[in-house]
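> 3D, please:
(one chain, ligands or ions: 1)
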Amino acid sequence: MGEVLDFSNISPHIRRLLQEIGMFGEETSRSVYVVGGFVRDLLTGRENLDIDIVVEGDAVDFAGQLAKAWEGQVHAHHQFKTAAITRLDGLKLDFVSARSETYSSPGALPSVEYGTIVEDLLRRDFSINALAIQLRPDTFGELVDCTDGLRDLRAGHIRTLHEQSFVDDPTRIFRAIRYEGRYNFQITAGDQKRILDTIEQGVLDLISGQRIRNEIDHILSEEAVPQMINRLREFDLLGAIHPTWKAPPDFDILWTAAGQAIEWASTSLPNEPINTGAILWMTLLTAPDAIEAVSSRLALENQLYAKLNAQTQLEHDLNALSALSKPSEVYHLLNPYPPEPLAFGMMQSNQPDWRVEKIGDYLTHLMRVQPLVTGEDLIQRGLKPSRAFSDLLWKAFAAQLNGQVSTAQEIYQLLDIEK
Ligand code: CTP
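Numbers count the residues shown, from 1 in each chain. So this is what the prediction gives:
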């Protein structure tokens, strides 16, 4: 019999749900387990509401019947033998069929066959993720640990389950780094060597940009990001994704600036749709030639690519700003930029106070100023669109921004146009 776990630090509601799943398993003669992150985090005392259930047998059928009993919604992926139930209380649970996997070639997605819980655990990434808890009533709460996951969890070790693990699925390299940083664990010496060997073999070139991008997004959403980036640097993992890519040497400082920019934007620009992910990427992808090459390799969306480029361009353009620049000059210089590089640029540690103020003033105020006199108004007064017309319009708006005029009438006087 496996160790019986203490469920006292999970909510009674979740415990009841797990018991219901176990009872349903018994009624339908199928063994069911909760696995992976939920178990790992239960054992380390962290809350994790990602509930992954493994069913020995057809999980799609199981989840379909259970959803009926719960009056929940079920979404099935027959191809992967998986299903998700969204319950009326909003909780979402994932169901997968216990499976064995084979990889036809390095980096390819695996082909999947039904298997036992043990086979299912043995195909997983690390021993700390290869833990399951039995849910059937007679054995409820018993740990299934066929890879010494509990020992590794207690010792703080990230350990793969077989020699080929990183070659089969190179995204596990990023996952290892993520768990190491998150739990302050250590990747075992053997696995550190396997990571270097896998990188050396060029296996990263075989996986899609989208999958690598997802892994980096996951890393950037963690708390211990600077430690993880350090590890990426030690393995030269970014350089293996594209030779132009290096983690900036001052990453930690940039990371602090990004946090401050996001915090500032959430309080000072509450109505502005800020892409916080773009600000996080600005800490990692800073060199112009790398931005181009890596965006293409990782299939970054055009909008993100444009924002990363804007950030490097902004660094140059900010040199044109002086402490004496008028609001209209600030507006003219900063208006081509989206708010993300501006907020990030504003928080750079070497930025003089007056610059911080000017960028802040642009984002919180100038950016939203509506012209008192528009092109339409000038046309109605008989002016024809032309270069001179545009100059006039800008003169009017600049005067408004600089506080020289405060009504349309004053603008017409300034422009010498009959009202
Ligand atoms: N898994 C794996 N290999 C991968 C991805 C996932 O073996 N490349 C397995 C692991 O057993 C993992 C489970 O699938 O526990 C679920 O994956 P995921 O949801 O990504 O991870 P979690 O364990 O939930 O961890 P996290 O807290 O990072 O989301």
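
> on contacts alone, who are the packing partners of the helix or strand hosting residue 310?
Assigned by DSSP states H and E, residue 310 belongs to helix 302-317. On a contact count with 3 or more Cβ pairs under 8 Å, 6 or more residues apart in numbering; DSSP states H and E, helix 302-317 meets helix 276-281, helix 288-297, helix 339-346. Every C-beta, even on glycine, is put in place using the N, C-alpha and C of the backbone.

> export the ones you listed to a markdown table and tack on distance to residue 367 and mean neighbour count?
Converted to a markdown table, the helices and strands packed on helix 302-317 look like this (distance: least, Cβ to Cβ, whole Å; neighbours: other Cβ atoms under 10 Å):
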| stretch | distance to residue 367 | mean neighbour count |
| --- | --- | --- |
| helix 276-281 | 17 | 22 |
| helix 288-297 | 24 | 18 |
| helix 339-346 | 8 | 24 |
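
> Out of these, which gets nearest to the ligand?
Closest to the ligand of the helices and strands packed on helix 302-317, according to Cβ to the nearest ligand atom: helix 276-281, at 17.1 Å.

> who touches the closest one?
Counting contacts by Cβ atoms under 8 Å, 6 or more residues apart in numbering, the residues outside helix 276-281 that touch it are 217, 220-221, 258, 261-262, 265, 300, 303-304, 307-308, 340, 343-344.

> Most widely separated two among those?
Farthest-apart pair in the contacts of helix 276-281 is 265 and 300; separation 20.8 Å (Cβ to Cβ).

> my read: residue 356 touches residue 346, true?
Yes - Residue 356 lies in contact with residue 346 (Cβ atoms under 8 Å); the separation is 5.4 Å.

> Which residue is the nearest non-sequential neighbour of residue 307?
residue 278 (4.5 Å; Cβ to Cβ, 6 or more residues apart in numbering).

> How much space separates that neighbour from residue 305?
Taking Cβ to Cβ, to the nearest Å as the measure, residue 278 falls 10 Å from residue 305.

> picking up where we left off before, please pick the buried ones from the contacts of helix 276-281.
Taking 16 or more other Cβ atoms under 10 Å as the criterion, what is buried in those is 220, 258, 261, 262, 265, 300, 304, 307, 308, 340, 343, 344.

> Setting aside sequence neighbours, what's the nearest residue to the third one?
In space, not counting the residues next to it along the chain, residue 261 is nearest to residue 343; the distance is 4.1 Å by Cβ to Cβ, 6+ apart.

> wouldn't that neighbour be in contact with residue 363 here?
Yes - checked against Cβ under 8 Å, the pair residue 343 and residue 363 is within contact range at 6.6 Å.

> between the two, what contacts are shared?
Shared contacts of residue 343 and residue 363, defined by Cβ under 8 Å, 6+ apart, are found at 265, 269.

> Could you verify my assumption that residue 64 touches residue 83?
Yes - if you go by Cβ under 8 Å, residue 64 and residue 83 touch, sitting 6.9 Å apart.

> now residue 213, what's its secondary structure?
Secondary structure, DSSP: H, G, I helix; E, B strand; the rest coil: residue 213 is helix.

> pLDDT score for it?
pLDDT, residue 213: 98.

> Tell me how far the residue nearest the centre of the chain lies from residue 298.
Nearest residue to the geometric centre of the chain (Cα atoms, centre = their mean): residue 217, 3.4 Å. Applying Cβ to Cβ, the value for residue 217 to residue 298 is 10 Å.
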